[in-house]
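[1] this one's sequence-less:
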């Protein structure tokens, strides 16, 4: 493994500001002992780390992996949150294993909670990176090169196993369902439940939760949908061998992480299915677009049940209320005007600044925006919704930190 020890190379990596650094691959070697390919990896890695794992930027000799590994790698925010969740599912913290370590961000945070923690990785290039970065980060995790399915068959019972199956095919295509990932989670599942007291499985945000619960055959104790600033980042299934909760009653936790607060909302498939629909066909003073995690599970139906002032708007996922709902997980809007979808009424909006949200399946937001040549706006929105007929709602976005008034026309 080539280590970056040149101060000159280090300064170059830190100061490189061009939008693309791939051009360096076609230039003569810039620094003795450091290939340009490695420079490109580190420059791209630092861009990733600024958003996903800023603590890594403090370590001069930390080496970032290939782009594909970075794409699946957890952020430091979600990794730290998962480590925090361990205490809700484990009684003992003696032995833990990450069967698919990759670049090791999850291993780094999870391992801090165990007396002994083992990081498993099969790929040659990643195992060398993992060993190097473990030294840089001064972790005590043991690192072993092995296939996850081979290693787990020959171990004694441990307190905890974490698995994040690779979700890329042989041609780089994205995989979602368990049986197409590596390792094949469904084939590995009986062994995992035999060898661990608790198992956490990271999934693609696109995975079908209901189908996954069926496939886990009663072993799932909880599902965590982890969002950062209202964007779904990860799904986590917590499994426990003696667990036998009916899939309709498995707690589904919607977590939304921000720098200021950690929001949580818990429901079940049964509650979502049996939610009594409260529908308004007229938009009220406030409009609410639920966070994507609520759209994925349809849990916005339960939100209406919980709040007497909140209604589903028509058959859409948009919610509406006469009063402002504090701490709503999603985007909040103040209704300014209700417009019919016809050329005469919408013509004055042409070439003005509006962001567009479409809750109408037949018209995409980008197509509507292109038709009316709209510029981007962070404050003013047009929401398309079907209320017996296509309707356009002119709204102003409410910033959570700013108190809104229905009389504020600025």
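    Received the coordinates, thanks. Just so we're clear, the structure is a prediction, and the values are computed from it rather than from any experiment. Residues are numbered from 1 along each chain as shown.

[2] isn't residue 303 right next to residue 311, touching?
    No: using C-beta atoms under 8 Å, residue 303 is not in contact with residue 311; the gap is 10.3 Å. All C-beta atoms are positioned from the backbone trio N, CA, C, and that covers glycine.

[3] between those two, what contacts are shared?
    The contact sets of residue 303 and residue 311 overlap at residue 319 (C-beta atoms under 8 Å, 6 or more residues apart in numbering).

[4] least confident secondary structure element in this structure?
    One helix or strand of the chain scores below all others by mean pLDDT, DSSP states H and E: helix 67-72, with a mean of 82.

[5] need the contact list for the nearest residue to residue 237 once chain neighbours are set aside.
    When the adjacent residues along the chain are set aside, residue 237 lies closest to residue 201, with 4.6 Å between them (C-beta to C-beta, 6 or more residues apart in numbering). Taking C-beta under 8 Å, 6+ apart, we find residue 201 in contact with 162, 163, 164, 165, 185, 236, 237, 239.

[6] so where is the stretch 1-150 of the chain shaky, pLDDT-wise?
    Scanning the stretch 1-150 of the chain for pLDDT under 70 picks out 1-5.

[7] can you rerun that using 90?
    1-23, 25-42, 58-61, 65-73, 123-125 (pLDDT under 90).

[8] all strands of it, in order?
    For the stretch 1-150 of the chain, the strands defined by DSSP state E, counting those that start in this stretch cover 95-98, 116-121, 142-145.

[9] name the helix or strand for the residue most central in space within the chain, please.
    For the chain, the residue nearest the mean C-alpha position is residue 233 (0.1 Å; C-alpha atoms, centre = their mean). Assigning secondary structure by DSSP states H and E places residue 233 in strand 231-239.

[10] run through who's touching that strand.
    74-75, 78, 82, 85, 89, 192-193, 198-205, 207, 209, 212, 216, 219-227, 291-293, 296.

[11] make it 6 Å
    78, 89, 199-203, 205, 207, 219-226, 292-293 (C-beta atoms under 6 Å, 6 or more residues apart in numbering).

[12] what's the answer for stretch 261-274, then?
    The set of residues external to stretch 261-274 that reach it, using C-beta under 6 Å, 6+ apart, is 248-249, 251-256, 298-299, 301-302, 329.

[13] which of those residues sits closest to residue 278?
    Proximity of the contacts of stretch 261-274 to residue 278, judged by C-beta to C-beta, is greatest for residue 301, which lies at 8.8 Å.

[14] which residues touch the closest one?
    272, 275.

[15] can you tell me the element it falls in?
    When elements are defined using DSSP H and E, residue 301 is found to belong to helix 300-306.

[16] for residue 163, see how far away residue 13 is.
    When C-beta to C-beta, to the nearest Å is the yardstick, residue 13 and residue 163 sit 33 Å from each other.

[17] more neighbours, the two?
    Counting neighbours by other C-beta atoms under 10 Å for residue 13 and for residue 163 shows that residue 163 has the greater number, 25 against 21.

[18] show me the beta-bridge partners of the more buried one.
    residue 201 (DSSP bridges).

[19] got the phi/psi numbers for the closest residue in space to residue 43 that isn't next to it in sequence?
    Setting aside the residues directly before and after it, residue 43 is nearest to residue 21 in space (C-beta to C-beta, 6+ apart), at 4.4 Å. Backbone dihedrals for residue 21, given as degrees, to the nearest 10, come out at phi -110, psi 0.

[20] what about residue 21, how many residues nearby?
    Other residues lying near residue 21 total 18 when counted by other C-beta under 10 Å.

[21] distance of residue 379 from residue 347?
    Shown here: residue 379 relative to residue 347, a distance of 22 Å by C-beta to C-beta.

[22] cool, and residue 357?
    21 Å.

[23] go on, residue 92?
    The gap separating residue 92 from residue 347 is 68 Å, by C-beta to C-beta.

[24] do residue 385 as well
    With distances defined as C-beta to C-beta, the gap from residue 385 to residue 347 amounts to 20 Å.

[25] more neighbours: which of those two?
    Set side by side, residue 385 and residue 347 show unequal neighbour counts under other C-beta under 10 Å, the larger going to residue 385 at 23 against 9.

[26] that one pairs with what?
    With DSSP bridges applied, the residues forming beta bridges to residue 385 are residue 391.

[27] ditto for the one 10 residues further on
    Residue 395 forms beta bridges with residue 335, residue 381, as assigned by DSSP bridges.

[28] mind checking pLDDT for it?
    At residue 395 the predicted local confidence, pLDDT, stands at 97.

[29] just residue 171 next, same as before
    The per-residue confidence score, pLDDT, reads 56 for residue 171.

[30] ok, for residue 161, nearest residue in space, not its chain neighbours?
    Taking C-beta to C-beta, 6+ apart as the measure, residue 161 lies nearest to residue 196, with 4.0 Å between them; neighbours along the chain are not counted.
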